[in-house]
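K.L.:
Turn this into a structure:
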Amino acid sequence: MKPVCVLGNGQLGRMLRQAGEPLGITVYPVGLDAEPEAVPYQNSVITAEIERWPETALTQELARHKAFANRDIFPRLADRLPQKQLIDSLGLATAPWQLLSDIRQWPQLFAELGHFVIVKRRIGGYDGRGQWRIRPGDETELPTDIYGECIAEQAIPFSGEVSLVGARNESGDCVFYPLTHNLHQDGILRASIAFPQENCHLQQQAQNMLSAIMHELKYVGVMAMECFIVDDHLLINELAPRVHNSGHWTQNGASISQFELHLRAILDLPMPHPEVTAPSVMVNLIGTDINNQWLSLPLVHLHWYEKEVRPARKVGHLNLSYSDKNELKDTLRKLIPMLPPEYQSGLEWVQEKLN
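P.N.:
Numbering: from 1, shown residues only. Now for the predicted structure:
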C-alpha cells in the first residue's frame with residue numbers, strides 16, 4: 001500500500017493518520033516548513049488538510065509531484081472568486097454576489113444585492129474571521145485594504161444550514177453521507193447532527209450539486225459543500241476540497257469515516273457507500289479545557305487534538321451516536337452541566353432537532 005503524505009499537520013492530518021492505521025496505510029502529516037529531504041514524499045500519494053499554503057522549500061518540491069491529488073484544484077477553491085465563478089458556470093444556486101473592487105461600488109451594491117450584504121475575504125477568511133455584515137452606513141468602517149480582495153454577497157434569510165460530505169474516485173464514482181444539519185455561532189461551527197434517513201428531496205438536490213462540481217473538476221477524494229436551506233431548495237454557500245469539520249460525526253456514526261473514505265478515494269481502493277444506521281451528533285470543543293467527566297457518559301466519544309487551549313480555538317470534539325433518540329437527548333441533558341454555559345444553546349438546538 002502506498003504511503004500518504006498530508007500537507008499540514010493539524011487535527012485533520014492527525015485524524016487521517018489515525019484512519020489509515022487499521023488499513024495498513026502509513027500517513028505522514030507534514031508541517032509546511034519541513035525540509036523536503038525529511039519527508040518520504042517521492043513514492044507517496046500527496047494530499048492536503050488545507051486549501052492554501054505559503055511557498056516553502058517543501059511546497060515548491062511538492063508542486064512538481066505527479067501524485068499530488070487535486071494539486072491544481074486547491075488554489076482554485078481556496079479563492080472565493082473562482083469558487084463562485086465555478087458554481088455560476090455550472091448553473092448551480094448560490095447567493096447573488098459581486099467582486100468588491102472599489103469603495104465607490106456601494107450604492108450600486110446595495111441597489112442590486114439589497115440593504116444587508118455579507119463581505120468575505122476571497123482568501124483566508126474562516127470561522128467568522130475576515131467577514132463583515134454590512135448595512136448602509138457600515139461600509140465606511142471596513143478596512144481600506146479589502147477592495148479587490150473580497151466578494152460581497154446578498155445576505156440570505158435561511159431556515160437552516162446543512163452540509164453534504166461526499167467523495168469521488170478516479171473512475172468518477174461518487175458516494176455521499178446523509179445531509180448534516182449545522183449550527184454556527186459567531187461564524188464558528190458549534191454542533192452538527194445527521195440522521196440515517198434524510199429529506200429525500202434536499203438530499204438528492206445536494207448530491208446532484210456536489211457531484212456536478214466534483215465531475216467538472218475531476219476531483220478525487222472527500223469534498224464538503226455547505227448550503228443554506230431556503231424554502232424547499234438549497235443555495236451553495238461554500239466548498240471545502242478536503243475532509244471537513246461537519247463530517248467529524250462519521251468517525252463514530254458511519255461504517256466508514258470521512259477520513260478513511262478520503263484515503264480510499266485517493267489510493268483507488270474500494271469505496272462502497274458508507275452505512276449510517278443511527279442519529280449522530282458532533283459537538284465542537286472551542287477554547288475549552290478537557291473534562292474527564294465527559295467520559296462518564298457511555299455514548300460520548302472524545303476526540304482531543306492535544307492543542308494549546310485558546311479562546312475561539314477548536315481543540316477537540318465530542319461524538320454521540322445511538323439509535324434511541326430519547327437516550328441521545330438524555331445524554332445531551334447530562335452533558336450540559338459538564339460544559340461551559342455558552343454550550344447550552346447549541347445542545348438545546350440539537351435536542352430540538354432530535355424531537
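K.L.:
Distance of residue 321 relative to residue 255?
P.N.:
According to CB to CB, to the nearest Å, residue 321 stands 11 Å off from residue 255. Placement of C-beta: from N, CA and C, glycine included.
K.L.:
Residue 192 too?
P.N.:
Residue 192 is 18 Å from residue 255, by CB to CB.
K.L.:
give the contact list for residue 76.
P.N.:
82, 83, 86, 217 (CB atoms under 8 Å, 6 or more residues apart in numbering).
K.L.:
With neighbour count and distance to residue 119 added, can I get these in JSON lines?
P.N.:
Formatted as JSON lines, the contacts of residue 76 follow (neighbours: other CB atoms under 10 Å; distance: CB to CB, whole Å):
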{"residue": "82", "neighbour count": "14", "distance to residue 119": "18"}
{"residue": "83", "neighbour count": "21", "distance to residue 119": "16"}
{"residue": "86", "neighbour count": "19", "distance to residue 119": "20"}
{"residue": "217", "neighbour count": "18", "distance to residue 119": "26"}
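K.L.:
would you turn those residues into CSV with secondary structure?
P.N.:
Formatted as CSV, these follow (DSSP: H, G, I helix; E, B strand; the rest coil):
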residue, secondary structure
82, helix
83, helix
86, helix
217, helix
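K.L.:
quick one: which of these is nearest to residue 297?
P.N.:
Among the contacts of residue 76, residue 83 lies closest to residue 297 (CB to CB), at 39.4 Å.
K.L.:
so that closest one sits right up against residue 239, yeah?
P.N.:
Yes: checked against CB atoms under 8 Å, the pair residue 83 and residue 239 is within contact range at 5.8 Å.
K.L.:
where do the contact lists of those two overlap?
P.N.:
Joint contacts of residue 83 and residue 239 (CB under 8 Å, 6+ apart) are residue 77.
K.L.:
Which residue, other than its chain neighbours, is closest to residue 351?
P.N.:
residue 329 (5.1 Å; CB to CB, 6 or more residues apart in numbering).
K.L.:
cool, and residue 328?
P.N.:
Closest residue in space to residue 328, ignoring its immediate chain neighbours: residue 322 at 5.1 Å, by CB to CB, 6+ apart.
K.L.:
and that neighbour, what does it touch?
P.N.:
Residue 322 sits in contact with 278, 279, 299, 328, 331, where contact means CB under 8 Å, 6+ apart.
K.L.:
Tell me the helices and strands packed up against the worst-scoring helix or strand of the chain on mean pLDDT.
P.N.:
Here the helix or strand of the chain ranked lowest by mean pLDDT, DSSP states H and E is helix 57-62, holding a mean of 89. Helices and strands touching helix 57-62, by 3 or more CB pairs under 8 Å, 6 or more residues apart in numbering; DSSP states H and E, are strand 4-7.
K.L.:
For the strand it packs on, which strands pair with it and how are they oriented?
P.N.:
If you go by DSSP bridges, strand 4-7 pairs up with strand 27-30 (parallel), strand 45-48 (parallel).
K.L.:
out of those strands, nearest to residue 36?
P.N.:
Distance to residue 36, taken as CB to CB, is lowest for strand 27-30 among these, at 9.8 Å.
K.L.:
Mean confidence (pLDDT) on that closest one, please.
P.N.:
The average of the pLDDT scores along strand 27-30 is 95.
K.L.:
Please apply the same query to stretch 1-8.
P.N.:
Stretch 1-8 shows a mean pLDDT of 94.
K.L.:
Show me how far that stretch is from its chain's centre.
P.N.:
For stretch 1-8, the separation from the chain centroid amounts to 20 Å (computed by CA atoms, centre = their mean, to the nearest Å).
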